Structure formats: C-alpha cells, structure tokens
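Participant: Using only what follows, build the 3D model:
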Amino acid sequence: MVPLYQPMPMELGTDRLTLRPWAEGDAEDYRTLIAERDDGAVSVETARERIMTQLASAERTGIALLTARRRVEGDFIGYCGLIVGRASVDEPEIAYELFRRVHGHGYATEAARAVVGAAVATGRKRLWSTVGSWNAPSLRVLEKLGFHRDHVDPGHDGRGEVIWLTRTLP
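Facilitator: Residues are numbered from 1 along each chain as shown. Predicted structure coming up:
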C-alpha cells in the first residue's frame, strides 16, 4: 500500500530555534514543563513513558511532537508538532507548549510556523487545533498562522470551553 502522506521532517530549524525528536534524556525537562502547566508534579519515569509513547506514535503515524530548543542557548523551552489528538492522522492537530519564562518572545509562533510548513510538505490539506477559550495567547498564535474558528465544545474537564480552529493548507 502506498502511503497517503510523506512523513513529517523530524528535524526543523528556524532563525532562533531547533526542533528535534524527543530523547529519553528530555524526561526531566518534560516533567518540569508538565508540572508548570498542571501546578503539580509527575515522576521522571512517567515523563519518560510519555516520551516513549510519543516516539512510538511518530513511528506509526509519520507525524510528531518535537522538542523546541533555542539555538544560541541550547536550552529546552517546550515542544511543538503534529498529533492525532482530538483530530485524525489525515487532518492532525498542531500542538505546542512552552515554559512560561519564554512566553511573549514569539517562539510559539516561530515554532508553529515551521511545523505548518512541515505539514504542507507531507501533502496534508488541513490542520486543526484545539485550545481552551481562556488561552488568549495561544489563540493569537493560531490567528497569526491563519487558523480560523470552526466551532466550540463545552469542554468536559472542568477547564471551560474548547475552541476548535482549522487551517486549510496549500
């Protein structure tokens, strides 16, 4: 069977960032990022298991979340990539998360722009994103990238509404 899509490039670069696949050694940084988001901790082992799940998913689907590092500093600042998430392999979700200390510097937009380009290169025709209605910074990033609101779900995790956004690819 001929694959419908080319695999997503697993290494991407921008002027200020490098995006690359996860490694087991990223577990501590990932654990710290999760703890910042959820105001609680997960074990390094749990973070490592999630990384291994991400890598297995990338192998199966040809799309991936990639770690984001600043080129000059070389530090892990978060992740950005494509996932099945609430969408599908044919029309995946773009997902990103960065440490709060680097918010407001355009890194999310820069990383996500590179991932959108990678999605185009796979031959996909549309991307999705789901964002909590409270997350105005992420909504601004997606607006800059040409995403448009499609619909809103009430949300079922106690965190409020989930906005579904989409972008048609060339």
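
Participant: List the contacts of Leu139.
Facilitator: Residues near Leu139 by CB atoms under 8 Å, 6 or more residues apart in numbering: Val131, Ile163, Leu165. For glycine as for every other residue, the C-beta is placed from the backbone atoms N, C-alpha and C.

Participant: Doesn't the second one belong to a strand?
Facilitator: So that's Ile163. Yes - under DSSP: H, G, I helix; E, B strand; the rest coil, Ile163 falls within a strand.

Participant: Let me see the mean pLDDT of the helix or strand hosting Leu139.
Facilitator: Using DSSP states H and E, Leu139 sits in helix 136-144. What helix 136-144 shows for mean pLDDT is 97.

Participant: Buried by neighbour count: which residues of that helix qualify?
Facilitator: Buried residues in helix 136-144, counted by 16 or more other CB atoms under 10 Å: Ser138, Leu139, Val141, Leu142.

Participant: swap in stretch 96-116?
Facilitator: Quick answer for stretch 96-116 (16+ other CB under 10 Å): 96-99, 102, 107-116.

Participant: so for that stretch, what's the average pLDDT?
Facilitator: Mean predicted confidence for stretch 96-116 is 97.

Participant: ok so, going back, now the two most distant members of the buried residues of helix 136-144.
Facilitator: Leu139 and Val141 (7.3 Å; CB to CB).

Participant: returning to what we had before: now intersect the buried residues of stretch 96-116 with the strands, please.
Facilitator: Tyr96, Glu97, Leu98 (DSSP state E).

Participant: re the thing from before, quick check, nearest of the buried residues of stretch 96-116 to Glu49?
Facilitator: Glu97 (17.9 Å).

Participant: Pull the contacting residues for the closest one.
Facilitator: Leu33, Arg37, Gly78, Tyr79, Cys80.

Participant: Swap in 6 Å and give it another go.
Facilitator: Gly78, Tyr79 (CB atoms under 6 Å, 6 or more residues apart in numbering).

Participant: Among the buried residues of stretch 96-116, find me the one that's closest to Gly62.
Facilitator: Once CB to CB is applied, the member of the buried residues of stretch 96-116 that ends up nearest Gly62 is Val115, at 13.6 Å.
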